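Asks: build the 3D model from these lines:
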Amino acid sequence: MFPDLSMRNILAIHQSRFGASASPNKGGTVYSSASRTPKIITHGPTGCQVLIPLDTPTAKVVVANTGFAIGSCNRGLVEAHSKLRVESVCKTWNSVSMSTNFVTSAAELKIIKQ
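Replies: You can find the predicted model right below:
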């Protein structure tokens with residue numbers, strides 16, 4: 001339950017937690033540099049993932065041989081002088097998810113799809 005406190009008491013508690021530099025804005029909400037730090041939580045695919053629909057022939061091969069698929073993709077990327085690497089493969093979101101160390105470019109996607 002939220003305590004029944006005045007705005008002045010709430011502001012004092014907030015300033016003791018986040019510092020005296022915290023100041024109210026026009027709307028009365030208090031912000032400080034500590035409270036503006038975003039917490040990144042993703043519930044879906046990130047930019048460092050390649051999703052392959054399960055109904056494609058490539059996905060069926062990857063699901064059957066994940067270790068071989070990772071090695072094969074990475075060999076193709078090395079041959080193309082790319083710094084991208086496939087780190088892991090798992091079945092998710094009705095597709096195959098390949099986690100990579102960077103965001104994939106269009107040229108790198110073509111290599112991975114082969």
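Asks: strands along this protein, start to end?
Replies: 23-24, 30-31, 49-53, 86-92, 95-100 (DSSP state E).
Asks: how about the ones you listed in JSON lines, adding mean pLDDT and distance to residue 70?
Replies: Backbone N, C-alpha and C define where each C-beta goes, glycine included. Listed next are those as JSON lines, based on pLDDT from 0 to 100; distance: least, C-beta to C-beta, whole Å:
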{"stretch": "strand 23-24", "mean pLDDT": "53", "distance to residue 70": "51"}
{"stretch": "strand 30-31", "mean pLDDT": "52", "distance to residue 70": "44"}
{"stretch": "strand 49-53", "mean pLDDT": "85", "distance to residue 70": "12"}
{"stretch": "strand 86-92", "mean pLDDT": "87", "distance to residue 70": "5"}
{"stretch": "strand 95-100", "mean pLDDT": "87", "distance to residue 70": "8"}
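Asks: of all those strands, which lies closest to residue 109?
Replies: Closest approach to residue 109 among those is made by strand 49-53 (6.7 Å; C-beta to C-beta).
Asks: before we move on, the earlier item: columns distance to residue 11 and mean neighbour count on top of the strands of the chain, output as JSON lines?
Replies: What follows is those, written out as JSON lines (distance: least, C-beta to C-beta, whole Å; neighbours: other C-beta atoms under 10 Å):
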{"stretch": "strand 23-24", "distance to residue 11": "7", "mean neighbour count": "11"}
{"stretch": "strand 30-31", "distance to residue 11": "6", "mean neighbour count": "15"}
{"stretch": "strand 49-53", "distance to residue 11": "42", "mean neighbour count": "17"}
{"stretch": "strand 86-92", "distance to residue 11": "45", "mean neighbour count": "15"}
{"stretch": "strand 95-100", "distance to residue 11": "44", "mean neighbour count": "19"}
